[in-house]
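**Q** Just a sequence and a predicted model for now, questions to come.
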Amino acid sequence: MSDPLLKVRDLKIGATVYPPGEKPHDIEIVHGVSFDLAPGKVLGLIGESGAGKSTIGLASMAYGRGGVKITGGEVWVNGRDILKSPLKDIRNLRGAEVTYVSQSAAASFNPAKKIMDQVVEAAVEQKKFGRKEAEERARTLFSKLGLPDPNNIGERYPHQVSGGQLQRCMTALALCPEPDLVVFDEPTTALDVTTQIDVLMAIKEAIRDTGVAALYITHDLAVVAQVSDDIMVLRMGDMVEYGHTDQIINHPKEDYTKALVSVRSIEHEEKQPTPEPVLSVQNITARYKGLNFDVLKNVTVDLHPGQTLAVVGESGSGKSTLARVITGLLPPSDGQIDFAGRTLSRDLAGRTREDLRELQMIYQMADVAMNPRQTVGTIIGRPLEFYFNIRGSEKRKRIIELLDEIELGEKFIDRYPAELSGGQKQRVCIARSLAAKPKMIICDEVTSALDPLVADGILKLLLDLQKIEDVAYLFITHDLATVRAISDSIAVMYQGKVQRYGSKSEVLSPPFDDYTDLLLSSVPEMKLGWLEEVVAHRKMESAGN
Amino acid sequence: MKNIPISALIGLILTALYFLMALLAPLIAPYGMAEVVGDVWEPSSSKFWLGTDNIGRDLLSRMIYGGRTTIFIATAATILSFVTGSVLAFFAAVMGGWVDQVLSRFVDLIMSIPTLIFALVVLSVMPVTIPILIVVMGLLDSTRVYRLARAVAVDISVMDYVEAARLRGEKIGWIIFREILPNALSPLIAEMGLRFIFAVLFVSTLSFLGLGVQPPEADWGGIVKENKEGIVYGIPAALLPAVAIATLAISVNLVADWVLNRTTSLKGGRG
């Protein structure tokens, strides 16, 4: 590495924070990070949210997002320190030498312009190519990235292609001006697992064919292991470990890296079904008002007391709709739901207070599931007051008990949700549903918005609580690793139907139907060369295509 | 309360001054409200600080009493409009469906008639007393509050915590007052400042047109009307209440701006 393309030395980045009730002050969010990137190599930046990985990625274009300032250090691109360059030079660099692929292609494309216009814009603007030439190059990239109908897809608008395809269009956009460096900022995080593989493979091949260097930013170590040559692990703005991919994955040195590598190591013994299920969903068919097709088609599943039924599927498979039907928010057009030995009313208005109490729900986004103007004590205390009429010191005692159960403790009782971290918020939501002493809790993607280590903690907590409280979980998720970790039975959903249903051991052992096989094989594994192996053995196109 | 910007401080002081003056009118005013104490349109002197009006009453005393009436009517009308407007709006947002449709279309209907014309028609067939004035103004203004409050509440009512409250089986009163209201408060308070000023302008306009506060009661719009002929002769008596209206409007707005800035910053808003 005699002449690196990107050389970062002691990079320091600061931001101004505005804590309520205090004077705004400056904090440092990246504390002196250094690395080199040789031409044609891929460096993976990995860390949890708040680790500073995106901030570092953008700093390599001399850009600070949302009030973030680069306060010190050097960033050398192609032999010049861009932090000291005048704005005019930086402007010439962005979109020509360094380009950027963001997490949400859907939010980054202008919905009013055709894809082609946006893909060639930077290349034409920076005078790298003429318009005709750039379009020609874009079409080549489209076909390289495996997009269907590469000659005409550019004439479509962003909403006319799927999420995974749009993400690939964005990669084409970044590669079109023949940059030396591309910054990929979580390009596959928002995609379904089966789609993620296509995009990952496309990105990997495009990097190999065009010979660009790349910074690949993600929180998923298994993903980064597939595409990068080197990996840098970041935590709270500090470098934890920096080394070759093989070394990081197979022989991590630091404890934090070891924890990241061994995440999802929960062992959970499958329980046998009981004669009396607590929840029995029978032949449910449902559709939303204004749609001309059924979102759920003849769904039948059982959940046994004190056990976990995982409902797995990709976005659009109808798994969240199933939750809405069970809670009564969406009355089904056909079918019946039996719960705790009685038949539930189809809509919410017809359910008794006892029905509502025994069937609780935990949401994906804990921060919008709690009223920001209520303290933790009020949030957890309300079900106690509402269902059991417990008040005063007795209520406080019970709230503290619940806070202890979720491993937070008494000091949290007067805090507001804004003062909690993501994992703590989710714990408070768990305590709120436990306060009602439910027979069953619907967990709707409760760990998807959390960092892997935090999610692990939540899953362990849920399993422990299941043992203590003997509560059943209907666990909705798209993450098969989670399913393996906690479920007793599994229902795989695909296009509104239950594709495969049974105990965990049955569902997860062959022979598989094509869809389950695709889904299972798409879960990124923490080993080198996994991506190529999977793509070679696929039987079915991914659902997003 | 530290770090009050200078503009908000000025606004706060002036607003407080006007409200104190309104409250303590009988104590501060040098003469009675309708007392004729001098000649017509006397210039300002040590005896009459702002001079006298078109029939020889002390202008300062009339302005102080007039401010009392104007501010009282505007405050009462604003409160009435906020209570009816926001409660109806929250109700519509939480219930949705035909309740929302009926209420919203009714409000649209009222709003399609120019407010001033509507008020003039109503007031010309009803006896013009202060309570009626307040009710008419308050109800007409509540349509504007309804629109804002409904927009805010619709946003909030799709939040998961509201859904969680529904699933818990909470009554509609809890959902409106405990889940939605605390989160809708900041835009509503900022709007309240604006609405108050519109109410001041509205009651002044009505009085100027002769359908608001009736003489000999004083109010700022009425004083402008009584003294408007004086402008031709270079008498400033009609302009002084206009200045009072303008300064009150600006100072309340400065405060409202500050409140809006402070509260939206919680959600990462401007400021």
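**A** Received it, and whenever you're ready, just let me know what you need. Numbering: from 1, shown residues only, chains lettered A, B, ... in the order given.
**Q** contacting residues for residue A:431?
**A** A:380, A:402-403, A:405-406, A:408 (CB atoms under 8 Å, 6 or more residues apart in numbering or on different chains). Placement of C-beta: from N, CA and C, glycine included.
**Q** what's the distance between it and chain B?
**A** For residue A:431, the distance to chain B equals 13 Å [CB to the nearest CB, to the nearest Å].
**Q** sorry, back to before: so of the contacts of residue A:431, which ones are in helices?
**A** Using DSSP state H, the members of the contacts of residue A:431 that fall in helices are A:380, A:402-403, A:405.
**Q** quick one: which of these is nearest to residue B:247?
**A** residue A:380 (49.6 Å; CB to CB).
**Q** I figured that closest one was touching residue A:399, is that so?
**A** Yes. Contact criterion CB atoms under 8 Å: residue A:380 and residue A:399 qualify, at 5.1 Å.
**Q** Compare those two and say which one has the larger neighbour count.
**A** Shown here are residue A:380 and residue A:399; by other CB atoms under 10 Å in any protein chain shown, residue A:380 has more neighbours (28 against 23).
**Q** show me what contacts the more buried one?
**A** A:399, A:402-403, A:428, A:431-432, A:435.
**Q** quick one: it from chain B, how far?
**A** In this view, residue A:380 and chain B are 12 Å apart by CB to the nearest CB.
**Q** Counting by contacts, list what the helix or strand residue A:225 falls within packs against.
**A** Residue A:225 belongs to helix A:221-227 when assigned by DSSP states H and E. Contact here means 3 or more CB pairs under 8 Å, 6 or more residues apart in numbering or on different chains; DSSP states H and E; on that basis helix A:221-227 packs against strand A:42-46, helix A:193-210, strand A:213-218, strand A:230-235, helix A:245-250, helix A:530-536.
**Q** hmm, who's touching the fifth one?
**A** Spelled out, it's helix A:245-250. The contact list for helix A:245-250, computed with CB under 8 Å, 6+ apart, reads A:44, A:221, A:224-225, A:228-231, A:233, A:241, A:257, A:261, A:526-528.
**Q** What mean pLDDT does the helix holding residue A:225 get?
**A** The average pLDDT within helix A:221-227 is 85.
**Q** And stretch B:95-111, by the same measure?
**A** 93.
**Q** rewinding a little: for the contacts of residue A:431, pick the one with the most neighbours.
**A** Counting neighbours by other CB under 10 Å, the top entry in the contacts of residue A:431 is residue A:380, with 28 neighbours.
**Q** now residue B:218: how far from residue B:243?
**A** 16 Å (CB to CB, to the nearest Å).
**Q** just residue B:224 next, same as before
**A** 10 Å.
**Q** tell me the contacts of the nearest residue to residue A:333 once chain neighbours are set aside?
**A** Leaving out its chain neighbours, the residue that sits closest to residue A:333 by CB to CB, 6 or more residues apart in numbering or on different chains is residue A:285, at 5.4 Å. Applying CB under 8 Å, 6+ apart to residue A:285 gives the contacts A:294, A:296-299, A:332-335.
**Q** Contacts only, for residue 7.
**A** Using chain A here. A:36-37, A:74-76.
**Q** try chain B instead
**A** B:254, B:257-258.
**Q** Which one's more surrounded, residue B:218 and residue B:243?
**A** Higher neighbour count among residue B:218 and residue B:243: residue B:218, with 28 against 12, using other CB under 10 Å.
**Q** for the more buried one, phi and psi?
**A** phi -100, psi 140 (degrees, to the nearest 10).
**Q** quick one, what contacts it?
**A** Contacts of residue B:218 by CB under 8 Å, 6+ apart are B:33-34, B:62-63, B:65-66, B:69.
**Q** Just among those residues, which is most surrounded?
**A** Going by other CB under 10 Å, residue B:62 tops the contacts of residue B:218 with 30 neighbours.
**Q** Check what pLDDT that one gets.
**A** Residue B:62 carries a pLDDT value of 88.
**Q** quick one on the thing from earlier: could you dump the contacts of residue B:218 into TSV with distance to chain A added?
**A** Shown next, in TSV, are those (distance: CB to the nearest CB, whole Å):
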residue	distance to chain A
B:33	45
B:34	49
B:62	45
B:63	40
B:65	41
B:66	40
B:69	37
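**Q** hmm, which two among the residues you listed are most spread apart?
**A** Every pair of the contacts of residue B:218 checked by CB to CB; the farthest is B:34 and B:63, at 13.4 Å.
**Q** Helices of chain B, start to end?
**A** B:6-23, B:25-28, B:59-95, B:97-111, B:115-125, B:130-157, B:160-168, B:172-174, B:181-208, B:220-227, B:239-264.
**Q** Relative to residue A:289, which of those helices is closest?
**A** Between the helices of chain B, helix B:97-111 lies closest to residue A:289; by CB to CB that is 10.7 Å.
**Q** Please save the CA atoms from that closest one in PDB.
**A** What follows is helix B:97-111, C-alpha atoms only, in PDB (Å, rounded to 0.1, in the frame of the first residue of the first chain):
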ATOM      1  CA  GLY B  97     -65.200   8.100   9.500                       C
ATOM      2  CA  TRP B  98     -68.500   9.900   9.100                       C
ATOM      3  CA  VAL B  99     -68.100  12.000  12.400                       C
ATOM      4  CA  ASP B 100     -64.900  13.500  11.000                       C
ATOM      5  CA  GLN B 101     -66.600  14.000   7.600                       C
ATOM      6  CA  VAL B 102     -69.700  15.800   8.900                       C
ATOM      7  CA  LEU B 103     -67.700  18.100  11.300                       C
ATOM      8  CA  SER B 104     -65.100  18.900   8.700                       C
ATOM      9  CA  ARG B 105     -67.500  19.700   5.900                       C
ATOM     10  CA  PHE B 106     -69.600  21.800   8.300                       C
ATOM     11  CA  VAL B 107     -66.500  23.800   9.200                       C
ATOM     12  CA  ASP B 108     -65.600  24.200   5.500                       C
ATOM     13  CA  LEU B 109     -69.100  25.500   4.900                       C
ATOM     14  CA  ILE B 110     -68.800  28.100   7.600                       C
ATOM     15  CA  MET B 111     -65.300  29.100   6.400                       C
END
